[in-house]
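> Structural data only, the sequence is not supplied:
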């Protein structure tokens, strides 16, 4: 209401014509709200992520839900480092469990060598409704 009042004062000061519209407020009691029985506030689900072929040498894998840059010439997606959700050492494991947000459409997987023998590698993995995803570099 104060915005309408401020608009009127400004319009009056500038001698502008003003069209007013009616504003109505409807009060709703919480007893009147109905929710489907399948409704759930959870927006996450469990996902098993498995590296099927490890790159040669030692390294770590970082998993992100967003990317910062897409190089169309190389078709490479470079991760947004603020969106990292998982980190694992390929010498320790090749399969991990993580919770993914149902609103995410993909994961960006980054392989970082720790032995200096190879280069970083990147992969975009589109998320589906599957509970398990397999990838390699």
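Nice, thanks for sending it over. Just so it is clear, the model here is predicted, and its values are computed rather than measured.

> Residue 134 is in what secondary structure piece?
strand 132-136 (DSSP states H and E).

> Contacts for that strand, please.
Strand 132-136 is contacted from outside by 47-53, 107, 109, 123, 125, 127, using Cβ atoms under 8 Å, 6 or more residues apart in numbering. (C-beta placed from N, C-alpha, C; glycine too.)

> Quick check: which of those has the minimum pLDDT.
Among those, residue 53 has the lowest pLDDT, at 90.

> Where is the longest strand in the protein?
Counting by DSSP state E, the longest strand found in the chain is strand 44-53.

> Any buried residues in that strand, and which?
For strand 44-53, the neighbour count (16 or more other Cβ atoms under 10 Å) marks 47, 49, 51 as buried.

> I'd like the distance between the first one and residue 128.
For residue 47, the distance to residue 128 (Cβ to Cβ, to the nearest Å) stands at 10 Å.

> shared neighbours of those two, anything?
Common neighbours of residue 47 and residue 128 (Cβ under 8 Å, 6+ apart) do not exist.

> Without its sequence neighbours, what residue ends up closest to the residue nearest the centre of the chain?
With distances taken as Cα atoms, centre = their mean, residue 104 lies nearest the centre of the chain, 4.5 Å away. In space, and not counting its chain neighbours, residue 104 is closest to residue 65: 4.8 Å by Cβ to Cβ, 6 or more residues apart in numbering.

> any weak-confidence spans in this structure?
Filtered on pLDDT under 70, the chain yields the residue ranges 1-22.

> Let me see the domain layout of it.
2-32, 44-136 (automatic domain parsing).

> and of those, who's closest to residue 38?
domain 44-136 (13.7 Å; Cβ to Cβ).

> So the residue nearest to the centre of the chain sits against residue 127, correct?
Yes - Residue 104 lies in contact with residue 127 (Cβ atoms under 8 Å); the separation is 5.8 Å.

> what do those two both touch?
Joint contacts of residue 104 and residue 127 (Cβ under 8 Å, 6+ apart) do not exist.
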